[in-house]
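>>> Here's a sequence, model it:
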Amino acid sequence: MSLSTNVSDPKSIITEDHVKKALIADKGIQAVLKCWKVADFTKRGDNYACEVTSVEVKYSLNDKEECEVTYVVKLNPHRNFGDFQEVAPFFFEKEGKFYEELVPALNEALMSAGQKPLPFAKCFLVSLEEGKEQLYFEDLRARGFKMFDRRKGMDKYHVALVISELARLHGASYLLTKKVLKGESAGGRYEFITKDLLDFTPNTKELFLSWIERGVDTGVMMLDRIGGYESASAWLKSMKSEVENVLSSGIQSTRFNSICHGDCWNNNLLFRYNAEGRPMEVMLLDLQLCREASVASDLNYLLCTSVNGDVRKPNLRHFLSLYHSTYKEVLEGGDMPMHFTIEELVEEYRDKNKFGLLFALVIIPMMLTEPEEVPEMSDTDIETLMNDFRAIALDKLKTNPLFKPRFLSIFDEFMETGLIA
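Here you go, the predicted model:
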């Protein structure tokens, strides 16, 4: 597959026809589009796999007053590094079909169990035209949702909200497969969630493995620069040859198999707060890597990338217990017995720790980079991009107090548990 990359501005693929379709899906056939304009609101570092902007719309309804609404729009970014343009359709197909096909099915399974719907934004348009892929969503800012500062590790209140919603997503998946699909795997009915970057095309596999392997190289350099972690550095070096196996085994499961978010870190979450600043509600964003996998892959991804050690380590049992009880509540609402114990969940979580570590090595340097320092992604290759992030990370070890505790705490914990000999 070879797509044109000559779109200088991804926002140019937005058309009035797209806006009209989103408006009608949202407000009904009586809505008449008056005018619209693109309004950027994100900053560098907020998005990597797509271009995100918004469209401000003025319309009339039933020939009466003039109304306004804003849609958040995700666009094919037309980035030119490596084979990214081959990966972009993969991302948009998975996310678009997740909203079109899986969200309604999962919510129906949940509501039949007496549960509220899952925390996903309303999606009004999925357009998968090759090279012009775009998705239109409700603007959650209007409901008070905000992005958490990705440079900070989430506290236990933020984590608890996310853990609970992951449990509800996974529990809804179990109900769907057992009660609606009659034991058939979700991947058998929804083929798009079986697609993975490791098997999409040879080129995407090479790009993905290269991205992770360079993250391992960065981790080794950081450990060596810090000093005192010689055994961890040697272990990490040896794991580079295992990257593909760790990624594959990290998502494999039978007993714990579920529809998973696949990319659950704090850049892909929005929170709504009360007057005291306490998080009260979370929205899960960016389902571009949704997959059928072990529930522990989502848990490791979240806890290894987005939580500091001083929150993760003392609260790990609490987080997993909260997950277990929430999951159990969903199943009980659907008259299904719980099929794993808390101890079995802990064991599964530990078994997938290497999977979480690999993504932490890639994401933490990106996460802790200041917005103005994020490398330009449009006209570079994956090697240059990862080298830029590595250089920033190595420099920040001296100047940014957030780097060491976020990075080293993972190795300290894994050495304590015996994962790192």
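>>> Tell me which stretches of the stretch 201-350 of the chain form strands.
257-260, 269-273, 279-284, 291-294 (DSSP state E, counting those that start in this stretch).
>>> Tell me which of those lies nearest to Met386.
strand 291-294 (23.1 Å; Cβ to Cβ). Where C-beta positions appear, they are placed from N, C-alpha and C, glycine not excepted.
>>> in the closest one, what counts as buried?
Buried residues in strand 291-294, defined by neighbour count with 16 or more other Cβ atoms under 10 Å: 291-294.
>>> Show me the shaky parts of this structure.
For the chain, applying pLDDT under 70 flags the ranges 1-7, 43-49, 79-85, 375-382.
>>> one more time with 80, if that's ok
The model of the chain has pLDDT under 80 over residues 1-8, 42-49, 63-65, 78-86, 200-203, 369-386, 398, 421.
>>> for it, what spans make up the helices?
16-27, 84-97, 103-112, 156-175, 186-189, 202-226, 230-239, 243-251, 295-306, 309-333, 342-351, 353-367, 382-399, 403-417 (DSSP state H).
>>> can you tell which of those is closest to Arg141?
Comparing those by Cβ to Cβ, helix 16-27 comes nearest, at 15.7 Å.
>>> closest to Val216 out of the strands of the stretch 201-350 of the chain?
strand 291-294 (20.9 Å).
>>> What pairs with the closest one, parallel or antiparallel?
Its sheet considered, strand 291-294 pairs with strand 257-260 (antiparallel) by DSSP bridges.
>>> ok so, going back, please produce a markdown table containing the helices of the chain, extended by distance to Leu284 and mean neighbour count.
Below are these laid out as a markdown table (distance: least, Cβ to Cβ, whole Å; neighbours: other Cβ atoms under 10 Å):
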| stretch | distance to Leu284 | mean neighbour count |
| --- | --- | --- |
| helix 16-27 | 20 | 18 |
| helix 84-97 | 12 | 21 |
| helix 103-112 | 11 | 18 |
| helix 156-175 | 6 | 23 |
| helix 186-189 | 17 | 16 |
| helix 202-226 | 22 | 18 |
| helix 230-239 | 29 | 16 |
| helix 243-251 | 18 | 17 |
| helix 295-306 | 10 | 27 |
| helix 309-333 | 14 | 18 |
| helix 342-351 | 19 | 16 |
| helix 353-367 | 17 | 23 |
| helix 382-399 | 25 | 17 |
| helix 403-417 | 22 | 18 |
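>>> what's the distance between Asp310 and Glu413?
Noted for Asp310: a distance of 11 Å to Glu413, by Cβ to Cβ, to the nearest Å.
>>> Glu206 now?
32 Å.
>>> cool, Pro405 as well?
For Pro405 relative to Glu413 (Cβ to Cβ), the value is 12 Å.
>>> Pull up the overlap in contacts between the two.
Common neighbours of Pro405 and Glu413 (criterion: Cβ atoms under 8 Å, 6 or more residues apart in numbering): Gly309.
>>> hang on, the earlier thing: turn the strands of the stretch 201-350 of the chain into a markdown table, columns for distance to Val72.
Listed next are these as a markdown table, based on distance: least, Cβ to Cβ, whole Å:
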| stretch | distance to Val72 |
| --- | --- |
| strand 257-260 | 23 |
| strand 269-273 | 10 |
| strand 279-284 | 11 |
| strand 291-294 | 24 |
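>>> who's in contact with the residue positioned nearest the centre of the chain?
Centroid check for the chain by Cα atoms, centre = their mean gives Asp263 as the closest residue, at 2.6 Å. Contact analysis of Asp263 by Cβ under 8 Å, 6+ apart lists 286-289, 301.
>>> Please repeat the previous calculation with a cut-off of 10 Å.
49, 91, 95, 284-291, 298, 301-302, 305, 359, 363 (Cβ atoms under 10 Å, 6 or more residues apart in numbering).
>>> swap in Arg272?
Contact partners of Arg272, counting by Cβ under 10 Å, 6+ apart, are 119, 140, 143-146, 161, 279-283.
>>> So the residue nearest to the centre of the chain versus Gln115, what's the distance?
Asp263 is 24 Å from Gln115, by Cβ to Cβ.
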